[in-house]
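Fold the following and give me the result.
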Amino acid sequence: MDDWIDSLGDAAVFTTLDCNSGYWQIPVAPEDRDKTTFTTHIGTFRHIRMPFGLRRAPDTF
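This is a model prediction of the structure:
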């Protein structure tokens, strides 16, 4: 941990990324939402946030 903190040097700005829910933070463009449609026994739904399993999702994340 000390080595990691030392590697930050004199940096003044730090950020974090929530990898557990990172996908849910990326919006799907309105014109592409129909491409994420899925059907269940209670209706048809589409994602407004990037779901897991999309082909290019890891690259976007």
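
quick one: low-confidence parts of the chain?
Across the chain, the ranges flagged by pLDDT under 70 are 17-23, 58, 60-61.

any chance you could map the strands in it?
38-40, 43-45 (DSSP state E).

Does anything pack onto the last one? Which helices or strands?
For strand 43-45, the packing partners by 3 or more C-beta pairs under 8 Å, 6 or more residues apart in numbering; DSSP states H and E come out as strand 38-40. Where you see a C-beta, it was placed from the backbone N, CA and C, and this is true even at glycine.

Give me the sheet partners of the strand it packs on and which way each runs.
Sheet partners assigned to strand 38-40 using DSSP bridges are listed as strand 43-45 (antiparallel).

what's in contact with the partner strand?
Residues outside strand 43-45 that contact it (C-beta atoms under 8 Å, 6 or more residues apart in numbering): 37-39.

Burial check on D6, number of neighbours?
8 (other C-beta atoms under 10 Å).

Run the chain-centre distance for the lengthiest helix in the chain.
Of all segments of type helix in the chain, defined using DSSP state H, the longest is helix 2-7. Its chain's C-alpha centre lies 28 Å from the corresponding centre of helix 2-7 when counted by C-alpha atoms, centre = their mean, to the nearest Å.

do the same with stretch 35-49
The answer for stretch 35-49 is 18 Å, by C-alpha atoms, centre = their mean.

Next, the distance between the ends of that stretch.
12 Å (C-alpha to C-alpha, to the nearest Å).

Hmm, P27 is touching T36, no?
No. With contact defined as C-beta atoms under 8 Å, P27 and T36 do not form a contacting pair (11.5 Å).

and those two? which has more neighbours close in?
T36 (16 against 12).

residues contacting that one?
28, 46-47, 51, 54.

What subset of the residues you listed is buried?
Buried by 16 or more other C-beta atoms under 10 Å: 28, 47, 54, out of the contacts of T36.

Which residue is the nearest non-sequential neighbour of the last one?
Nearest in space to L54, with sequence neighbours left out and distances taken as C-beta to C-beta, 6 or more residues apart in numbering, is T36 at 7.4 Å.

how close does the one you found get to I48?
9 Å (C-beta to C-beta, to the nearest Å).
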